[in-house]
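**Student:** Quick check, what structure comes out for this input:
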Amino acid sequence: MSASTLHTVYLVGAGPGDPDLLTVKALRLLQTAEAVVYDRLVSDEVLDLIPAGATRIFAGKASRRQGVPQEEINDMLVRLAREGRSVVRLKGGDPFVFGRGSEEAVHLVENGIPFEVVPGVTAAIACAAYSGIPLTHRGLAKSVRVITGHRRDNRALDFDWPSLADGETTLVVYMGLANLGLIARELMEAGAESDRPAAAIYRGSTPDQRVVHGTLETLAERVGDAGLTAPTLVIIGEVASLGETLAWFEPARAGDHQAPG
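**Tutor:** Reported below is the predicted structural model:
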């Protein structure tokens, strides 16, 4: 098949779960897709926007549990494109923020498959906003650091902890639930105050959203007591102290609106 007849593979960010947060382009591509390869974190409300005749392929993975190997997903995208399908690779949040979208893009390039990246609202932005926590705030935080709390093959979290412990930085931790206690200890040993505000947001922007507030010292225990599971985003920093004051989102009413389309 010539390059001119190959379909473009679209690496599309599905956002945090609320279908109203999809970009216009993401919605348009979903509604014209012939094949959609989607992740575990894509919400049912977003999946409902896929046309009835499109092929849906689940390619989800979960922390510490084996799902579809990344190599198989990479090869699947190439195969679908070579079959002449209009392909959307639908990923929770943003494809290039801890979404392995860049790995898929590299594989597509190596196989001569055209692709486009459609950014999505990543969890750091969405979960913070929907829990009333500004990532930056004058006098409280002048920078933001985004890290992953889980390494491939369960390798050690070998961060520059003193730099992450900076009191004027908001630290956002993806996939950090299992290592939350360890992260807190490392930060405190690196100089972060034990009473630094922190919050954990479960399924931010969805009707299931739950927020647990605490401090660097207490958050892990409070999250355990609350029974939070993945996906949960953790925000550490002085800005977390504004979460209860600025809380505006009412999860119980989140399902009342109509999805776009």
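**Student:** can you pull out the strands in the stretch 151-261 of the chain?
**Tutor:** In the stretch 151-261 of the chain, strands defined by DSSP state E, counting those that start in this stretch lie at 169-174, 197-202, 210-215, 232-236, listed in chain order.
**Student:** can you pull out the helices in the stretch 151-261 of the chain?
**Tutor:** 161-164, 180-189, 219-226 (DSSP state H, counting those that start in this stretch).
**Student:** and those helices as JSON lines, adding distance to V9?
**Tutor:** C-beta coordinates here come from the backbone N, C-alpha and C atoms, glycine included. Below are the helices of the stretch 151-261 of the chain laid out as JSON lines (distance: least, Cβ to Cβ, whole Å):
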{"stretch": "helix 161-164", "distance to V9": "35"}
{"stretch": "helix 180-189", "distance to V9": "35"}
{"stretch": "helix 219-226", "distance to V9": "37"}
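**Student:** Can you lay out the ones you listed as CSV showing mean neighbour count and mean pLDDT?
**Tutor:** Compiled in CSV, those are given as follows (neighbours: other Cβ atoms under 10 Å; pLDDT from 0 to 100):
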stretch, mean neighbour count, mean pLDDT
helix 161-164, 15, 96
helix 180-189, 18, 97
helix 219-226, 17, 98
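**Student:** hmm, back to that, would you mind giving the strands of the stretch 151-261 of the chain as a markdown table with mean pLDDT added?
**Tutor:** Listed next are the strands of the stretch 151-261 of the chain as a markdown table, based on pLDDT from 0 to 100:
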| stretch | mean pLDDT |
| --- | --- |
| strand 169-174 | 97 |
| strand 197-202 | 98 |
| strand 210-215 | 98 |
| strand 232-236 | 98 |
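**Student:** if I look at D20, how far off is R203?
**Tutor:** Distance of D20 to R203, given as Cβ to Cβ, to the nearest Å: 15 Å.
**Student:** Looking at those two, which is more packed in?
**Tutor:** Neighbours were counted for D20 and for R203 using other Cβ atoms under 10 Å; R203 has more, 23 against 12.
**Student:** what's that one in contact with, if anything?
**Tutor:** Residues in contact with R203 (Cβ atoms under 8 Å, 6 or more residues apart in numbering) are G17, Q209, R210, P231, T232.
**Student:** Equivalent analysis for A252, please.
**Tutor:** Applying Cβ under 8 Å, 6+ apart to A252 gives the contacts P207.
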